[in-house]
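Participant: heads up, no residue letters with this:
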């Protein structure tokens, strides 16, 4: 085991990076009807009854205002073949939605085809939590496919391998 137990933001980020996560594109539409999306790995299940999921976003993010105002959002769980879209939505490129097969979901929220899963949600609640905003969504509609998800570990994308 390495590290000295230090709790600086950099040390905490490095330690949290040891936890493997899935990769998502979270999407909504802003007040003007413009699609907004970003790559996030802060997604998690919260409750089966009622069906709730959660994700968080840095308060300093330029997209935070759109998500705070949006009544609906979609969690698009990326497949291994969508790594380029993950990078695109993590960048500052102007028209992020120019790539990928997108359609309008509930309340016009962008939904991506070819994902391992998609959760279309109505915002249940949100709250400030440290330097992030925590969003809790009630799942209204979902789809999933038997394809391998894209995973993220220690600052890098990985493919999911089976244990034999």
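Facilitator: That came in fine, so what should we check first? Every value quoted in this text rests on a predicted model; they were computed, and no experiment measured them.
Participant: how many other residues sit next to the closest residue in space to residue 31 that isn't next to it in sequence?
Facilitator: Of all residues not flanking residue 31 in the chain, residue 69 sits nearest, at 5.6 Å (Cβ to Cβ, 6 or more residues apart in numbering). C-betas here are computed from N, CA, C, even on glycine. Neighbourhood size, residue 69 [other Cβ atoms under 10 Å]: 13.
Participant: check residue 62 too.
Facilitator: 10.
Participant: cool, residue 157 as well?
Facilitator: Neighbour tally, residue 157, other Cβ under 10 Å: 14.
Participant: and what of residue 6?
Facilitator: Neighbour number of residue 6 under other Cβ under 10 Å is 10.
Participant: I'd assumed residue 29 was in contact with the residue nearest to residue 31.
Facilitator: No. At 9.7 Å, residue 69 does not count as touching residue 29 under the criterion of Cβ atoms under 8 Å.
Participant: need the strands for this protein, in chain order.
Facilitator: 21-22, 24-29, 35-40, 44-47, 52-58, 72-77, 102-104, 110-112, 117-129, 132-144, 151-153, 156-158 (DSSP state E).
Participant: ok now the last one, how far from the chain's centre?
Facilitator: The gap between the average C-alpha position of strand 156-158 and the chain average comes to 15 Å, counting by Cα atoms, centre = their mean, to the nearest Å.
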